[in-house]
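In: Make a model of this:
(chains A and B)
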Amino acid sequence: MQTHFSPAQLLDPRLAEVDRILRACVHCGFCTATCPTYVLKGDERDSPRGRIYLIKDMLENGRPATAEEVGPIDRCLSCLSCTSTCPSGVDYMHLVDHARAHIEETYARPRSERLVRALIARVLPYPRRFRLALKAAALGRPFAGLLERAGLAPLAAMLRLAPHKVPPAARDGGVHAPAGPRKARVALLAGCAQQVLQPAIDAAAIRLLNRMGVEVVRVAGQGCCGALPHHMGRSEEARAFARANVRAFETAGPLDALLVTASGCGTTLKDYGHMLAGDPTFAGRAAALAGKVRDITEFLAAQDLPAAHGPGGRVAYHSACSLQHGQKVKSPPVALLRQAGFEVVEPFDPHLCCGSAGTYNMLQSELADALKTRKVDTLEALRPQMIAAGNIGCLTQIASGTALPVVHTVELLDWATGGPRPGALAEAAA
Amino acid sequence: MGDAGARPHGGPQESTAATAEESAEESAEESAQQRMHDGSHDGSRLVMPAPDAAVLARRDQIVADLARLVGADSVIAHERAMRPYESDALTAHRQLPLVVVLPATTDEVAAVLKYCHDNAIRVVPRGAGTSLSGGALPLADAVLLGMAKFTRIREIDTANRCAVVEPGVTNLGITKAVEHLGFYYAPDPSSQIACTIGGNVAENSGGVHCLKYGLTTNNVLGVELALITGEIVRLGGKHLDAGGLDLLSVIIGSEGLLGVVTEVTVRLLKKPDTARAVLVGFPTSESAGDCVAQIIAAGIIPAGIEMMDKDAIAAAEAFVNVGYPLDVEALLIIELDGPEAECAHLLDAVTAHAQACGATTLRVSQSEEERLGFWAGRKAAFPAVGRISPDYLCMDGTIPRRQLPFVLARMRELSHRHGLRVANVFHAGDGNLHPLIRYDANAPGELEAAEAFGADILRLCVEVGGVLTGEHGVGIEKRDLMPEMFDAVDLAQQLRLKCAFDDQNLLNPGKVFPTLHRCAEMGRMHVSGGALPFPDLPRF
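Out: I've put the predicted structure just below:
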């Protein structure tokens, strides 16, 4: 596609990258069809091609963002379905990152929006603050309707998504050695929200890995991967998290891989090389760490899964966008579940997002609810006994819309190979 | 049946009245038109109808009126917000519309059209905006009528082997909605993931399987159509023939010039028992062309025969990684379908022809997944060329099959002369060529060179006995080449048909026809030997 950046603009490495990305786009429109917001709204502005156009116009003219661009870009889920569809190889992920950063720098959001975004950025990535907030949310839930009427829909959405009881914090720091001989050594990302909402996921992952002869290290000093602030255009905060994680995992000793059980975080960790490319002290180290990052199912698929004793059951597998589009990991989770004795079925339109998308279900609750309903309907239509996914955001989002038990893929794999029955299944059975 | 045939203008009794003399009027008409005026068309010579100053002056009122008709949320009037609508997939030409309207119901479409008709405002209909011929290019003084909210499947009727769908349903969406019942919708344009059935009807779209199963026109049984007056008419239905004049065939391929389709009844086909695709590589395009000719001459009609040249193979393989051979000059993808025994028999016959023509590689799909993989590369081939070139123009000429080696050789000469590379992707079975002229829109002069190259290719197609377009439509892209194929009498006859539906020329003006005529001009009589033809017929 033709671009109109001046030679002076192209000296800015950010704009040079934007130009390179835009020039790969041929405006064919294939991406529109698989974009969840275009499917819902039927408006070119809410399609990847339309957003690319809005971003192009805004950045070429070097003008501050306006409501005309901010609306559609805020409504983008960053599910990256478009990048799976795009034959021309347009790097939409980094394009929208630049646009978000530009919006954050140049656009004055209304007060209530600023408040909500600051609250999210200061609470969610910090497990201790988040746990406290969730406990407060339990008390605040009756006031959700009031907040909605006061024009604070995101706060109402947060209250509704908050779990009714908060599990106790896991104390799983240090090294988890396998009972038998060690076949591999990995670090496991603790992340932020998942360890508060569902510590059972990583507990299952550690049991399963140990059972397979894999030593698991939980390093101190790690934190949020940076995805949360990153998707809000708060690039510097995101880079600070990334640097802290690079430093923390460098203390882990030799690693075969850095494993992630929340695929949303995995997508960001795998991009650390790009995120810190402009930082001479961290660029190489970040790229080296990013090269070691694997989704847990990617890693497991390359190992020998222990023999399954076969609780079995019909599982509707929901492929998280960050896995299937962000990391292009599509078949390993399904293959592993089948290997572990489960009957796996996949829903109609499996490429569409469930609406979770990080903080999207708080910031864009109306669209997120529409996508949730659509996803839950297609999953329930499969008549499964349970739903499995590989990302905490999806698990929370889908669970808030169905009575079926919703579990993480590794919880099922752990259960099938000797671990306890996953909590959600035990509750459903009770 | 509706009343589309009963409209009062351009009666059939005058159908012999237009003459070549009208071409003398063209230059005067052209001076009243103007180049697209926002400067974004850099260098292109495309001339579009001059905007109506009176309409532009009333813009605020029009926007307010439209918001009343369809709701403010469905009207986009801010300049920056309209920017994503300034072109379709032919980005060489761009123009902001007067206003964008996104109706959600047939009644809203009818209300918008009636309003525009009553107020003499032009209308450009738009589907998914995947047209490669600029069919949905806006006009500065026209309402852009987007149909993307019409996404419901209204009825699946397997007993009658048809489905009733809204025009904004994607082509692939129809198949996805019925495949669990063992059915599918046959025409499959490469953009089928995104293009809509309404747009398919407008362009009479084809696809890789049209060799055996026909174009859109062979697979649509009926439409509901909103006329520019706001009247709703139905043409065809669930049956094969509606009786009377075949107006459905007039509508299919009419490129948004006759009406706006608001519902489509499509024919469904039973999914074949077996389908196998085979990849055959050749050392030259000529030998691949010979192979196609031999297969067809032997009486075999494969479900599809597609051809790609080296550049296209490389680009497509980079996207799908299905193992296309990268060391061949030409690749054929041949699909055979039907009962298993028939499929196996045809596969043997095709293999024999391929070997006789000097094929160097041959690979048969071993699973449904692999078969779909073979096609995925072909279907993504156009945009995949975006990986090796910043921009391309996709041409769409059709030639008699036996002319293929000659046309390919001439195309190579043209490529040298214009200094631009071309990647070739085409429906080899039905002679429909899609040369992708590679250029860089940021390099001064390249767009003009690409357009000149494209025009030469299409002239070549007509010269060897072919036609300007196979399936992408004329739009603006081939509009000015129409006189290469049709003389003034032919064009005038087609315009008469247009006038029968849209006497004020409000629907998608500037597309298809190289010059505009007011419908009143069509009434001029050709006086031959001092006598009017059919002097006993009443005139108006």
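In: Now do the contacts for residue B:97.
Out: Residues near residue B:97 by C-beta atoms under 8 Å, 6 or more residues apart in numbering or on different chains: B:82, B:85-86, B:124, B:138-140, B:142-144. (Each C-beta comes from the backbone N, C-alpha and C, glycine too.)
In: gap between residue A:247 and residue A:285?
Out: Residue A:247 sits 8 Å away from residue A:285, going by C-beta to C-beta, to the nearest Å.
In: oh, I was asking about residue B:227
Out: Using C-beta to C-beta, residue B:227 is found at 67 Å from residue A:285.
In: got it, and residue B:478?
Out: Distance, residue B:478 to residue A:285, by C-beta to C-beta: 56 Å.
In: Comparing residue A:247 and residue A:285, which shows the higher neighbour count?
Out: Neighbours were counted for residue A:247 and for residue A:285 using other C-beta atoms under 10 Å in any protein chain shown; residue A:285 has more, 18 against 15.
In: what's the burial count for residue A:165?
Out: Other residues near residue A:165 number 7, with proximity taken as other C-beta under 10 Å.
In: wait, residue A:255
Out: 18.
In: thinking again about what came up before, and the contacts of residue B:97 near chain A, which?
Out: With C-beta under 8 Å from any C-beta of the partner chain as the criterion, those include B:85-86 near chain A.
In: quick one: the strands in the stretch 251-400 of chain A?
Out: Using DSSP state E, counting those that start in this stretch, the strands of the stretch 251-400 of chain A run over A:257-260, A:293-295, A:314-317, A:343-345, A:386-389.
In: scratch that, the stretch 351-500 of chain B
Out: Using DSSP E, counting those that start in this stretch, the strands of the stretch 351-500 of chain B run over B:361-364, B:391-394, B:422-427, B:432-439.
In: Tell me which of those lies nearest to chain A.
Out: Minimum separation from chain A across the strands of the stretch 351-500 of chain B (C-beta to the nearest C-beta) falls at strand B:391-394, 6.7 Å.
In: Name the residues that touch the closest one?
Out: For strand B:391-394, contacts defined as C-beta under 8 Å, 6+ apart pick out A:1-2, A:26, B:90-92, B:132, B:382, B:385-386, B:423, B:434-441, B:446-447, B:450-451, B:453-454, B:472, B:477.
In: so how far is stretch B:424-432 off the chain centroid?
Out: Centre-to-centre, stretch B:424-432 and its host chain are 15 Å apart (C-alpha atoms, centre = their mean, to the nearest Å).
In: Would you work out how far apart the start and end of that stretch are?
Out: One end of stretch B:424-432 sits 11 Å from the other (C-alpha to C-alpha, to the nearest Å).
In: Residues contacting it, please?
Out: Residues contacting stretch B:424-432 (C-beta under 8 Å, 6+ apart): B:206, B:208, B:210-211, B:285, B:288-289, B:292, B:296, B:302, B:304-309, B:311-312, B:332, B:378, B:381-382, B:396-401, B:403-404, B:408, B:411, B:433-436, B:466, B:470-471.
In: cutoff 7 Å now
Out: For stretch B:424-432, the surrounding residues in contact (C-beta atoms under 7 Å, 6 or more residues apart in numbering or on different chains) are B:206, B:208, B:210-211, B:292, B:296, B:302, B:304-309, B:312, B:332, B:381-382, B:398-401, B:433-436, B:466, B:470-471.
In: before we move on, the earlier item: just the ones of the contacts of strand B:391-394 in helices?
Out: Among these, DSSP state H puts B:382, B:446-447, B:450-451, B:453-454 in helices.
In: buried subset of those?
Out: For those, a neighbour count by 16 or more other C-beta atoms under 10 Å in any protein chain shown gives the buried set as B:382, B:446-447, B:450-451, B:453-454.
In: Keep only those of these that are also close to chain A.
Out: residue B:382 (C-beta under 7 Å from any C-beta of the partner chain).
In: Identify, from the buried ones among the ones in helices among the contacts of strand B:391-394, the entry nearest to chain A.
Out: Closest to chain A out of those is residue B:382 (6.5 Å), distances taken as C-beta to the nearest C-beta.
In: Write out the residues of the stretch 51-200 of chain A neighbouring chain B.
Out: Contact residues (C-beta under 7 Å from any C-beta) of the stretch 51-200 of chain A with chain B: A:53-54, A:57, A:66, A:68, A:85, A:87-89.
In: Show me which pair in those is furthest apart.
Out: Greatest spatial distance among these (C-beta to C-beta): A:66 and A:87, at 31.6 Å.
In: These two: which is more packed in?
Out: For residue A:66 versus residue A:87, neighbours defined as other C-beta under 10 Å are more numerous around residue A:87 (27 against 16).
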